[in-house]
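In: Got a sequence here, can you build the structure:
(2 chains)
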Amino acid sequence: MNIDKKEDNFSNDTEERPPRSPAEWITFGISLVILATVIGAIGYTWVERNRQEQDPVLSVISNKNSIREVNDQFYIPFEVTNDGAETAESVQVLAELEIDGKVVESGEQQVDFLSKGEREEGAFIFSRNPRSGKLTIRIASYKKS
Amino acid sequence: MGSRKQRQNAWKKEIDDLIRGACGGFLFGIPLLYTMEVWWIGSSVTPLIMAVALVLTFIVVFLLNKTEGFRKSGQNGRPYEAVTDTVEAMAIGIVCSTLILLVLRELTFDTALKEAVGKIVFESVPFTLGVALANKFLQGTRTSSSNSESSESKPHQRQKNGELNDTLSDIGATLIGATFIAFNIAPTDEVSMLAAAVSPPWLLATLVASLLISYGIVFAAGFSDQKKRRQQRGIFQRPWSETIFAYLVSLVAAAMMLLFFQQLRFNDPWTMWLDHALILGLPASIGGAAGRLAV
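Out: Reported below is the predicted structural model:
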C-alpha cells in the first residue's frame, strides 16, 4: 500500500514538476566536468603566463642542406619559432644574399600569428645560388598582440 | 519493467534535449566559426579576458534560460534548473565548437594550449547563446500554427498532388535555408583559407559532420515541426536519403554562391571546386536543414 502511494505521488509529480531524472543529473555532471576543464585550462595558462617570460622570443632556422633547386630557382626553406610566452603578430622574416660583399637578392615574408610554442614554415625563392655567397636569414620585427 | 521504460524515456528525452541544444548552437554559432577574426582574438587574448568571457556568457545564458532554454519542458519551476541548464548549455557550446574547430583544422594537436583554450572559449560564446535560444529558433514555425493546422488537413491533398511537389518544396526550402546561412560566408576569405589548410581526410570529416548535423536538426532534435516533417511525402522521404539528397543540394548551392562571389571560376581546377564547396557546404547544409524544418 505504502509503495503504491509513493508511486502515485511520483506520477503526480511527473505531470506538474517531474523530479530530476538520473539522466539529467548525469549529463549535468558531465557538463560540469567539461566546464571545469576549460576553467582549469584558463587558470593553468594564467599561472603559466605569470611564471614565464612575458615577451615573445622569436628565432628562425634555415638549413642550408635543405635548399633545393627547381627550374633554375633556389628554394630556401626556413622555420620560425616562438619560444616566449606571448603571441607575436606580423613577424617579419628577411633573407639577404650577399655575393662579393654586395646584396644581390633579398626576400621578405610575414607570419601573421605566432603564438607561444608555435612553429611556422616557409621558403624564400632566389634565382642565384645561395651557396655561392653569404646568406642571412633573420627576423626583423614583430608586433605585440 | 515500468521503471526501466521510464528510465529509458528519461534518457531519450535528455538526449533529445541535448541534441536540440546543439542544433540551436550550430545554427547560431556557425557563421562566427567561419570568421578568422574570432580565431585571432582567441589566439591572442589573455587568460583574464577568457575568464571574463566565460562569466559574461554564464550570466547572459542564465538570464535566457530563465525564460527560454533548450529544454522542451520549459520552466517547470525548479529554481536551480536555470543554473544547471546554463552549465549544460555552456558544455554543449564548448564541445560543439571544439569539434568544428578540429574539423576545420583551426585547432590541431600542435596548437598551443593557451591558443586552443582562447579559440574554444571565444567560439563557444555564440554557440552557447544558440543553445540557449534553441527552442526559440524554430519556434516561428510553431507560432504560425494556422499554417501547420492547415497543413495537417492537407495529407490527402498532398498525396494527390504527387510526390514531385513535395520534393520540389523540399529543394526550395533547402536552397532558401542554405542561402540564408551561407551567403554571409561565401564572399569572405575564410573559405579559401580553410580550404587551403584542410587535408582530404578532414574534408571527409567535414562531409560527415555536415550530414550528421543536418540529420540532427531535421530528425533528431525534436524541434516543433518534426512530426510534420516525418509525414511529409516526397521522393526522398526516408530520413537518411532526404539528408543526403539535401546535402547535395546544399553543396550545389554553396558552389553557386562561391561562383557568384568570384571565389570560384570555371577555369579553376576541380579539386578547388570540391574543397571549397565542401567547406562552405557545412554551413549551407545546416541552413538547409533549418530551412526544411521551417518551410
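
In: okay, CA-based contacts and neighbour counts for the rest of this
Out: Will do.

In: Run through the residues of chain A sitting next to chain B.
Out: Residues of chain A found near chain B (CA under 8 Å from any CA of the partner chain) are A:16-17, A:21, A:23-24, A:27-28, A:31-32, A:34-35, A:38-39, A:41-43, A:45-46, A:86-87, A:113, A:115-118, A:145.

In: Please spell out the ChimeraX selection for the buried subset of the residues you listed.
Out: Restricted to buried positions by 16 or more other CA atoms under 10 Å in any protein chain shown, the ChimeraX selection for the residues of chain A next to chain B reads:
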select /A:23,24,27,28,31,32,34,35,38,39,41,42,43,45,46,86,87,113,115,116,117,118,145
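
In: From the recorded domain assignment, give the ranges for the chain.
Out: Chain wasn't specified; assuming chain A. A:2-51, A:58-144 (automatic domain parsing).

In: I was after chain B.
Out: Domain ranges of chain B: B:2-135, B:147-294, per automatic domain parsing.

In: closest to chain A out of those domains?
Out: domain B:2-135 (4.9 Å; CA to the nearest CA).

In: what mean pLDDT would you report for the closest one?
Out: Mean pLDDT, domain B:2-135: 84.

In: cool, stretch B:209-220 as well?
Out: The average pLDDT for stretch B:209-220 rounds to 85.

In: so how far is the first residue of that stretch from its last?
Out: End-to-end distance for stretch B:209-220: 15 Å, by CA to CA, to the nearest Å.

In: need the domains of chain B in TSV with distance to chain A, can you?
Out: Output for the domains of chain B, formatted as TSV (distance: least, CA to the nearest CA, whole Å):
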stretch	distance to chain A
domain B:2-135	5
domain B:147-294	13
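
In: Could you export these to TSV, including columns for mean neighbour count?
Out: Output for those, formatted as TSV (neighbours: other CA atoms under 10 Å in any protein chain shown):
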stretch	mean neighbour count
domain B:2-135	21
domain B:147-294	19
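
In: okay if I get these as TSV plus distance to A:Val60?
Out: Output for the domains of chain B, formatted as TSV (distance: least, CA to CA, whole Å):
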stretch	distance to A:Val60
domain B:2-135	18
domain B:147-294	22
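
In: A:Ser62: which of those is closest?
Out: Closest approach to A:Ser62 among the domains of chain B (CA to CA): domain B:2-135, 20.9 Å.

In: Report the distance from that closest one to the chain centre.
Out: When distances are taken as CA atoms, centre = their mean, to the nearest Å, domain B:2-135 is centred 12 Å away from the chain's centroid.

In: Stretch A:117-126 too?
Out: 15 Å.

In: Quick check: buried residues in that stretch?
Out: Residues of stretch A:117-126 classed as buried: A:Gly117, A:Glu118, A:Arg119, A:Ala123, A:Phe124, A:Ile125, A:Phe126 (neighbour count, 16+ other CA under 10 Å).

In: did I read that right, the first one in a helix?
Out: No - for A:Gly117, which was evaluated using DSSP: H, G, I helix; E, B strand; the rest coil, the result is coil, with no helix membership.

In: shouldn't it be in contact with B:Leu113?
Out: No - at 9.3 Å, A:Gly117 does not count as touching B:Leu113 under the criterion of CA atoms under 8 Å.

In: hey, what's in contact with both of the two?
Out: Common neighbours of A:Gly117 and B:Leu113 (criterion: CA atoms under 8 Å, 6 or more residues apart in numbering or on different chains): none identified.

In: for chain B, longest helix please?
Out: Criterion DSSP state H: the longest helix present in chain B is helix B:2-33.

In: Can you name the next helix or strand after it?
Out: helix B:36-44 (DSSP states H and E).

In: Which residues are in contact with B:Thr57?
Out: B:Val125, B:Thr128, B:Leu129.

In: residues in contact with stretch B:256-274?
Out: Against stretch B:256-274 from outside (CA under 8 Å, 6+ apart): B:Thr179, B:Phe183, B:Ala186, B:Pro187, B:Ser192, B:Ala195, B:Ala255, B:Ala277.

In: how far does it stretch from start to finish?
Out: Stretch B:256-274: ends 12 Å apart by CA to CA.

In: Can you give the distance of it from its chain's centre?
Out: Worked out by CA atoms, centre = their mean, stretch B:256-274 lies 24 Å from the chain centre.

In: go on, stretch A:131-143?
Out: 24 Å.

In: tell me the contacts of A:Lys144?
Out: By CA under 8 Å, 6+ apart, the neighbours of A:Lys144 are A:Thr87, A:Ala88, A:Glu89.

In: Go through these and name the one nearest chain B.
Out: Using CA to the nearest CA, those come closest to chain B at A:Thr87, 6.0 Å.

In: just checking, next helix/strand downstream of the worst-scoring helix or strand of chain A on mean pLDDT?
Out: Using mean pLDDT, DSSP states H and E, the weakest-scoring helix or strand in chain A turns out to be helix A:2-16, at a mean of 41. Using DSSP H and E, the helix or strand that follows helix A:2-16 in sequence is helix A:22-51.

In: Which helix or which strand is home to B:Val121?
Out: B:Val121 belongs to helix B:113-132, assigned by DSSP H and E.

In: Give me the subset of the contacts of A:Lys144 lying in helices.
Out: Using DSSP H, none of the contacts of A:Lys144 sit in helices.

In: JSON lines please, covering those residues and showing pLDDT and distance to B:Ile213.
Out: JSON lines is the format used below for the contacts of A:Lys144 (pLDDT from 0 to 100; distance: CA to CA, whole Å):
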{"residue": "A:Thr87", "pLDDT": "81", "distance to B:Ile213": "34"}
{"residue": "A:Ala88", "pLDDT": "85", "distance to B:Ile213": "36"}
{"residue": "A:Glu89", "pLDDT": "86", "distance to B:Ile213": "35"}
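
In: B:Arg7: which of those residues is nearest?
Out: Once CA to CA is applied, the member of the contacts of A:Lys144 that ends up nearest B:Arg7 is A:Thr87, at 49.6 Å.

In: which phi and psi does the nearest residue to the closest one once chain neighbours are set aside have?
Out: Excluding the flanking residues, the one nearest A:Thr87 by CA to CA, 6 or more residues apart in numbering or on different chains is A:Ser115, at 3.9 Å. Backbone torsions of A:Ser115, given as degrees, to the nearest 10, read phi -90, psi 170.
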